[in-house]
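[1] Provide a 3D model corresponding to the input given below.
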Amino acid sequence: MSSQPRESAPAPASAPAGFQTGFPIRPDRLVEARTPDDVREAVAYAAEHGLRVAAHATGHGLPGAVEGGVLVVTRALDSVTVDPVARTATIGAGATWGAVTAAAAPHGLAPLNGSSPSVGAVAYTLGGGLGILARQFGYAADHVRALEVVTADGVLRRVTPEREPELFRGLRGGGHRLGVVTSLEIGLVAVERLYGGSITFDGEGERAAEVVARYLEWTRTVPDTLTSSLAALVYPDLPQVPEEVRGRYVLSVRVAFTGDAAEGERLVAPLRAVGPALADSLREMPYAESPTIHNDPPFPHAYYGEGLMLGELDAGRAGRVLELTGPGAPMMTVVQLNHLGGALAGRPEAADAVPFRDAGFLLRLLSPLDGTDVAAVRSLYGEVSGVLEPRVLGRSLNFSFGGGDRTAGLHEPETAKRLAGLVSQYDPAGLFGGPYEGR
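    Numbers count the residues shown, from 1 in each chain. All right, here's what the predicted structure looks like:
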């Protein structure tokens with residue numbers, strides 16, 4: 001085994017940060033991996049020299065600053081191979097969901113991707129992976145068939161339910177603390193088209209509380225084949241923002257439904273009855289157009305975020321959250337409320353590391369950091385958490401952006417204990433991070 005990884009170089013003063021630009025990345029060494037062997041040699045080098053290891057693909061979910069150690073950049077491992085007969089895809093660590101969706105679509109298949117096509121598919125899945133069809137098909141991690149992973153001993157392992165079953169369970173939902181995953185084999189679903197889009201309402205005055213109350217009531221009536229979320233934000237008053245929402249506080253309900261368009265129209269009728277909409281893009285579409293449902297920003301930027309898994313949510317607490325984060329908030333804060341349940345709930349037979357499956361909702365907070373004090377953002381988030389505390393089960397690993405300062409509450413105590421045991425077995429020196437902390 002080589003003691004010096006190929007493609008290794010002393011890191012520049014600040015390595016490219018990827019999509020998340022809010023936190024510095026200053027490793028001691030930067031390895032741009034082009035093959036799994038490059039990853040293996042980089043990990044072996046780090047172990048030999050007592051250095052920490054972090055992996056980085058697109059950089060959307062960067063948990064915090066990276067200081068020192070070895071940074072393995074995996075974005076060149078971006079291969080995507082689809083087996084239409086087996087309905088599977090094998091995807092490299094650098095592949096984006098946009099690439100996987102494009103490869104699957106000609107076969108009438110779709111992955112369990114998230115809302116943004118530029119997110120790295122592998123890192124998203126290791127954190128559980130909450131997708132736009134989640135209530136019907138569950139978490140992306142539920143559809144993993146096999147993983148290729150380099151563990152702290154520098155060994156490239158193929159991990160399946162039959163080979164190293166405990167490691168297989170831990171990697172699905174356990175994040176990055178058990179090794180550097182170089183590829184996944186995932187199951188695909190037979191979805192060619194859907195009924196979806198968004199409907200946007202004015203949130204000024206008392207309208208915000210009314211809209212969120214009606215949305216919560218509506219979620220209790222929809223089938224598992226419909227996955228939705230509600231977003232609330234104050235749009236900046238800038239020329240590039242669509243005129244109908246420019247400078248306004250708005251609430252948008254996003255919908256993805258795999259039934260036919262006529263049934264979709266019937267299901268969303270109660271939303272349209274809420275009142276006049278500023279915009280309405282609900283329609284039938286090819287699955288390849290599903291990124292238009294959320295229209296996530298495509299450009300890199302700095303942000304801080306939190307994800308709170310809630311057992312339930314009442315209209316009163318939801319309204320108070322919108323008061324704290326709306327037009328009167330000290331900084332711009334995007335709120336997104338994801339409706340959970342359905343296939344996301346209770347899979348005891350899976351015994352994986354995806355936590356809080358009994359959650360009814362996920363509340364996501366995201367604040368741009370350009371010119372904003374991080375301490376002020378944390379203070380606001382603390383107020384929101386205080387309002388929701390009786391309902392909070394824990395925190396979402398996928399959506400704790402910039403949250404390297406907050407490592408507790410990402411798994412239930414029993415799951416955290418099981419993951420800690422796997423770390424002791426596969427990474428006793430803590431090459432990939434510290435211990436797991438339960439709530």
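[2] thought residue 267 was touching residue 226, still the case?
    Yes. Under the contact definition of CB atoms under 8 Å, residue 226 touches residue 267, with a separation of 6.1 Å. Backbone N, C-alpha and C define where each C-beta goes, glycine included.
[3] low pLDDT regions in the stretch 201-350 of the chain?
    Where the stretch 201-350 of the chain drops to pLDDT under 70, the residues are 347-350.
[4] strands of the stretch 301-439 of the chain, start to end?
    Assigned by DSSP state E, counting those that start in this stretch, the strands in the stretch 301-439 of the chain fall at 303-310, 334-339, 361-368, 392-395.
[5] of residue 226 and residue 267, who's got more company?
    Neighbour totals were compared for residue 226 and residue 267, and residue 226 leads with 26 against 21 (other CB atoms under 10 Å).
[6] for the more buried one, list each beta-bridge partner.
    Applying DSSP bridges to residue 226 yields these beta-bridge partners: residue 257.
[7] any idea how far it lies from residue 94?
    When CB to CB, to the nearest Å is applied, the distance between residue 226 and residue 94 equals 32 Å.
[8] try residue 321
    As it turns out, when the distance is counted by CB to CB, residue 321 lies 36 Å from residue 94.
[9] so where's the stretch 51-200 of the chain shaky on pLDDT?
    Along the stretch 51-200 of the chain, segments meeting pLDDT under 70 span 63-65.
[10] what ranges do the strands span in it?
    With DSSP E, counting those that start in this stretch applied, the stretch 51-200 of the chain shows strands at 53-56, 66-67, 70-73, 80-83, 88-92, 144-150, 156-159, 180-187, 193-202, listed in chain order.
[11] to residue 286, which of those lies closest?
    The minimum distance between residue 286 and these falls on strand 193-202, with 5.4 Å, by CB to CB.
[12] give the buried residues for that closest one.
    Buried residues in strand 193-202, counting neighbours by 16 or more other CB atoms under 10 Å, are found at 193, 194, 195, 196, 197, 198, 199, 200, 201, 202.
[13] what's the local residue count around residue 379?
    Taking other CB under 10 Å as the definition, residue 379 ends up with a neighbour count of 11.
[14] separation between it and residue 249?
    When residue 379 is compared with residue 249 (using CB to CB), they lie 21 Å apart.
[15] ditto for residue 178
    In this structure, residue 178 and residue 249 are separated by 42 Å, where distance is defined by CB to CB.
[16] and for residue 419?
    In this structure, residue 419 lies at 40 Å from residue 249, with CB to CB as the measure.
[17] can I get stretch 138-151 in PDB? Just the C-alpha atoms.
    These are the backbone C-alpha positions of stretch 138-151, laid out as PDB (Å, rounded to 0.1, in the frame of the first residue of the first chain):
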ATOM      1  CA  GLY A 138     -40.000   6.200   1.600                       C
ATOM      2  CA  TYR A 139     -36.400   7.500   2.100                       C
ATOM      3  CA  ALA A 140     -33.800   7.200  -0.600                       C
ATOM      4  CA  ALA A 141     -31.700   5.100   1.900                       C
ATOM      5  CA  ASP A 142     -34.500   2.500   1.900                       C
ATOM      6  CA  HIS A 143     -33.700   1.800  -1.800                       C
ATOM      7  CA  VAL A 144     -30.000   1.200  -1.400                       C
ATOM      8  CA  ARG A 145     -29.000  -2.300  -2.600                       C
ATOM      9  CA  ALA A 146     -25.200  -2.100  -2.100                       C
ATOM     10  CA  LEU A 147     -22.400   0.300  -1.300                       C
ATOM     11  CA  GLU A 148     -18.700   0.600  -2.100                       C
ATOM     12  CA  VAL A 149     -17.000   2.200   0.800                       C
ATOM     13  CA  VAL A 150     -13.400   2.800   2.000                       C
ATOM     14  CA  THR A 151     -13.200   2.200   5.700                       C
END
